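In: structure here, sequence nowhere to be found:
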């Protein structure tokens, strides 16, 4: 399974990659900015899943999803949102309505991840 992680937090992205690679036979690429991630998705064979940080400077997770939703190749890639905001927060709840309207987001998890929950969510999305 090919996974792309887009997260501006280098430490979090590196840890996530290591956790995933220790659990399964994933092929994982990591980029640290939204625009860079879009270019990587366009320039490479299709990914099976995008794990996307919501709050990034310059080009946020919502902007990445907007760009994906209008691109025939990219809108087929399911997105798992990674949020430092509590899943139950009003701010994230408001954002989720906009994400759902774009029809690429298939799930959301709160950072830090419980590896079992993360793997289960990946399996649910990609099945």
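Out: Arrived safely, thanks for sending. Values in this document were obtained by computation on a predicted structure and should not be read as measured data. Numbers count the residues shown, from 1 in each chain.
In: can you show me the helices along the chain?
Out: Secondary structure of the chain (DSSP state H): helices located at 10-23, 34-43, 61-69, 90-102, 115-126.
In: out of those helices, flag the one nearest residue 75.
Out: helix 61-69 (5.3 Å; Cβ to Cβ). Backbone N, C-alpha and C define where each C-beta goes, glycine included.
In: can you point out the buried residues in the worst-scoring helix or strand of the chain on mean pLDDT?
Out: Across the helices and strands of the chain, mean confidence by mean pLDDT, DSSP states H and E is lowest for helix 90-102: a mean of 73. For helix 90-102, the neighbour count (16 or more other Cβ atoms under 10 Å) marks 92, 95-96, 99, 102 as buried.
In: equivalent analysis for stretch 6-13, please.
Out: Buried residues in stretch 6-13, counted by 16+ other Cβ under 10 Å: 6-9, 12-13.
In: adding pLDDT and distance to residue 19, write those residues out as CSV.
Out: Below are these laid out as CSV (pLDDT from 0 to 100; distance: Cβ to Cβ, whole Å):
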residue, pLDDT, distance to residue 19
6, 98, 16
7, 96, 13
8, 95, 18
9, 94, 14
12, 91, 10
13, 94, 11
